[in-house]
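# no letters, just coordinates:
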């Protein structure tokens, strides 16, 4: 009986694995297009400002935030916002002036308004136009 409990616990942990998901070719092309001609700078903990219409969902694992010619890339910390990249869901955050690493975003179904998941913001990596 004890070995059965251990097996079930191990299977449960395996199901919660945070192994990175493979990005679809369409999502990868979209990401590359958004970052084309830009170079990464040192990651920051928080966005200096955030408006929801400046958010671009690449897929369930990566979100971009536009700020003029600068783009902040956020690879979600410890997992993904399942379904966010489908277009049927929206990301709801509760920030007080800033969106920061560690903030939790809720994934909401646009038709029902129900919360269908959540994810944690990672570091915000600014990408700026390459000087040249």
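Arrived safely, thanks for sending. Here the structure is a predicted model, which means the values were calculated and not measured.
# roughly how far apart are residue 46 and residue 37?
Per CB to CB, to the nearest Å, residue 46 is found 25 Å from residue 37. C-beta coordinates here come from the backbone N, C-alpha and C atoms, glycine included.
# tell me which of those two has more neighbours.
residue 46 (18 against 10; other CB atoms under 10 Å).
# strands of the protein, start to end?
Residue ranges of the strands in the chain, as given by DSSP state E, are 38-40, 55-57, 62-67, 70-75, 89-93, 104-109, 115-120, 124-129.
# buried residues of the first one, list them for me.
This points to strand 38-40. residue 38 (16 or more other CB atoms under 10 Å).
# listing partners with orientation, what would you give for that strand?
strand 124-129 (antiparallel) (DSSP bridges).
# quick one: buried residues of the partner strand?
Neighbour counts using 16+ other CB under 10 Å place 124-127 of strand 124-129 among the buried residues.
# farthest-apart pair in the residues you listed, please.
Farthest-apart pair in the buried residues of strand 124-129 is 124 and 127; separation 10.3 Å (CB to CB).
# which neighbours do those two share?
Counting by CB atoms under 8 Å, 6 or more residues apart in numbering, the contacts common to residue 124 and residue 127 are 72-73.
# picking up where we left off before, okay, the strands of the chain in CSV with mean pLDDT and distance to residue 31 next?
Output for the strands of the chain, formatted as CSV (pLDDT from 0 to 100; distance: least, CB to CB, whole Å):
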stretch, mean pLDDT, distance to residue 31
strand 38-40, 97, 11
strand 55-57, 90, 9
strand 62-67, 93, 7
strand 70-75, 94, 8
strand 89-93, 84, 17
strand 104-109, 89, 19
strand 115-120, 89, 17
strand 124-129, 96, 11
